[in-house]
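*Asks:* what's the 3D shape of this:
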Amino acid sequence: MRTRWTLAMLAAGALAWTVIAAEMPWLVADGAIFQHDAASCAADAKAADLDFMLKDIEDQDVSLANYKGQVILLDFWATWCAPCKIEIPWFNEFQEKYGEQGFQVIGVSVDDTVDRLRPYAAQMKMNYVILQGLNRDDILDAYGPMIGLPVTTLISREGQICSTHVGLVSKESLEEQIKALL
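*Replies:* Prediction:
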């Protein structure tokens with residue numbers, strides 16, 4: 001009986017993923033989500049919606065539009081997310097290494113209060129922009145669906161979504177994509 005339920009759940013998951021892939025071709029592939037050729041962004045890549053104003057961890061307004069013209073790694077994450085904890089040091093390194101070349105990491109915390117974010121950001125030595133995404137379904141919907149965390153989106157200087165990954169992706173793969181867009 002357990003085997004039947006397991007097979008049924010796997011089949012349902014595969015069907016759901018197939019539907020998502022068919023409806024959102026800019027998603028899907030390398031273990032998580034679609035990435036276009038690392039050398040560039042696809043000509044028909046979806047435009048990123050940068051018309052959002054969110055608060056940072058100092059309660060200051062930050063407009064995503066201010067980063068247009070830069071390569072953006074937009075990461076949706078949470079303090080309780082184990083894969084997010086693995087990626088944060090990579091993002092610190094990428095920000096340090098590529099920031100002067102027009103690269104910006106922006107982390108959007110999906111469900112933590114600012115009182116929890118401040119000490120967490122300090123503990124993790126986060127050297128990039130951290131925004132409060134709690135109760136901001138508008139931005140989650142614009143870059144979703146959020147079927148898991150982290151969700152990492154790479155946006156070109158031209159404002160196109162070049163890749164989106166759900167879950168942990170390799171550091172090497174992300175760095176290759178970042179370098180290709182710089």
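
*Asks:* show the average pLDDT along stretch 51-66.
*Replies:* What stretch 51-66 shows for mean pLDDT is 97.

*Asks:* can you name the residues in contact with it?
*Replies:* Residues outside stretch 51-66 that contact it (C-beta atoms under 8 Å, 6 or more residues apart in numbering): 50, 72, 74, 106, 108, 114, 117-118, 121, 129-133, 136, 138-139, 142. Every residue, glycine included, has its C-beta placed from N, CA and C.

*Asks:* show me what counts as buried in that stretch.
*Replies:* Neighbour counts over stretch 51-66 (16 or more other C-beta atoms under 10 Å) mark Phe52, Leu54, Asp56, Ile57, Val62, Leu64 as buried.

*Asks:* same question, stretch 92-103
*Replies:* By neighbour count on 16+ other C-beta under 10 Å, the buried set for stretch 92-103 is Asn92, Phe94, Gln95, Tyr98, Phe103.

*Asks:* would you verify that Ile72 is located in a helix?
*Replies:* No. Assignment of Ile72 by DSSP: H, G, I helix; E, B strand; the rest coil gives strand, placing it outside any helix.

*Asks:* now for it: which residues touch it?
*Replies:* Ile72 sits next to Ala48, Leu64, Phe103, Gln104, Val105, Ile106, Thr153, Leu154, Ile155 when contact means C-beta under 8 Å, 6+ apart.

*Asks:* where does the residue most central in space within the chain fall, secondary structure wise?
*Replies:* Centroid-nearest residue in the chain, with C-alpha atoms, centre = their mean: Thr152, separated by 1.9 Å. Under the criterion of DSSP states H and E, Thr152 resides in strand 151-155.

*Asks:* can you tell me what sits against that strand?
*Replies:* Residues from elsewhere that reach strand 151-155 (C-beta under 8 Å, 6+ apart): 35, 48, 50, 71-76, 87, 143-144, 161-166, 169, 174, 177-178, 181.

*Asks:* send me that strand as PDB with only the CA atoms.
*Replies:* Taking C-alpha atoms only, strand 151-155 is exported to PDB below (Å, rounded to 0.1, in the frame of the first residue of the first chain):
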ATOM      1  CA  VAL A 151      14.300  31.100  -5.700                       C
ATOM      2  CA  THR A 152      17.200  32.800  -7.400                       C
ATOM      3  CA  THR A 153      16.700  34.900 -10.500                       C
ATOM      4  CA  LEU A 154      19.500  36.400 -12.700                       C
ATOM      5  CA  ILE A 155      18.500  39.600 -14.400                       C
END
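
*Asks:* any weak-confidence spans in the protein?
*Replies:* 1-39 (pLDDT under 70).
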